[in-house]
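Visitor: From the sequence below, what's the structure:
(one chain, ligands or ions: 2)
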Amino acid sequence: MRLRLIYSPSVVEKPILATVILKTGVTINILEAKVDAQRGELVVSIPTEGESLQRVIEMFQDAGVEVQLLTKTLQIDLERCTSCGACISPCPTKALRFRSDWTIDFDEERCVACRVCVKACPVKAISIP
Ligand code: SF4
Ligand code: SF4
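Guide: Ligands and ions are numbered 1, 2, ... in the order given. From the prediction side, this is the model:
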């Protein structure tokens, strides 16, 4: 499960992520981070589910962090795709790459739904519903 964690100014400097990892034993992988003195936004991948996932979410919420679930799926219209590669290098998480036959491969686990590839595609082959 991927989550977007939004830290307000009052909690942005607290070691909340490390505390959640230590207390739950769940390894949390940071996919994207935008943090400054005023605000923090992380997209993380959490390799657990059920009660364990719920506990992780509640710990972030109890610590004052807003939690959003990222459940979208990127859609690539392979009929439209011309294998131009314009979507590959701008992707910040390397979620897109060419297969050996030059078709586009998409790694759902890496995607953070930033929409950069949607804007980069010249033939509008990519969408996020
Ligand atoms: S939305 Fe596109 S550019 Fe952004 S992470 Fe996902 S695949 Fe990469
Ligand atoms: S930018 Fe669009 S047309 Fe080009 S490879 Fe990516 S999906 Fe295909």
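
Visitor: Tell me the residues of this protein that contact ligand 1?
Guide: By the rule CB under 6 Å from any ligand atom, the part of the chain lying against ligand 1 is 74, 91-93, 95-96, 111-117. (C-beta placed from N, C-alpha, C; glycine too.)

Visitor: Can you tell me which of these end up in strands?
Guide: Of the residues of the chain next to ligand 1, the ones assigned to strands by DSSP state E are L96.

Visitor: which of the residues of the chain next to ligand 1 are buried?
Guide: Buried by 16 or more other CB atoms under 10 Å: 74, 91, 95-96, 111-114, 116-117, out of these.

Visitor: could you redo the residues of the chain next to ligand 1 as JSON lines and give each row distance to S45 and pLDDT?
Guide: Below are those laid out as JSON lines (distance: CB to CB, whole Å; pLDDT from 0 to 100):
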{"residue": "L74", "distance to S45": "15", "pLDDT": "82"}
{"residue": "C91", "distance to S45": "16", "pLDDT": "95"}
{"residue": "P92", "distance to S45": "14", "pLDDT": "93"}
{"residue": "T93", "distance to S45": "10", "pLDDT": "92"}
{"residue": "A95", "distance to S45": "12", "pLDDT": "93"}
{"residue": "L96", "distance to S45": "17", "pLDDT": "94"}
{"residue": "C111", "distance to S45": "10", "pLDDT": "89"}
{"residue": "V112", "distance to S45": "9", "pLDDT": "87"}
{"residue": "A113", "distance to S45": "13", "pLDDT": "86"}
{"residue": "C114", "distance to S45": "15", "pLDDT": "89"}
{"residue": "R115", "distance to S45": "19", "pLDDT": "90"}
{"residue": "V116", "distance to S45": "18", "pLDDT": "94"}
{"residue": "C117", "distance to S45": "19", "pLDDT": "95"}
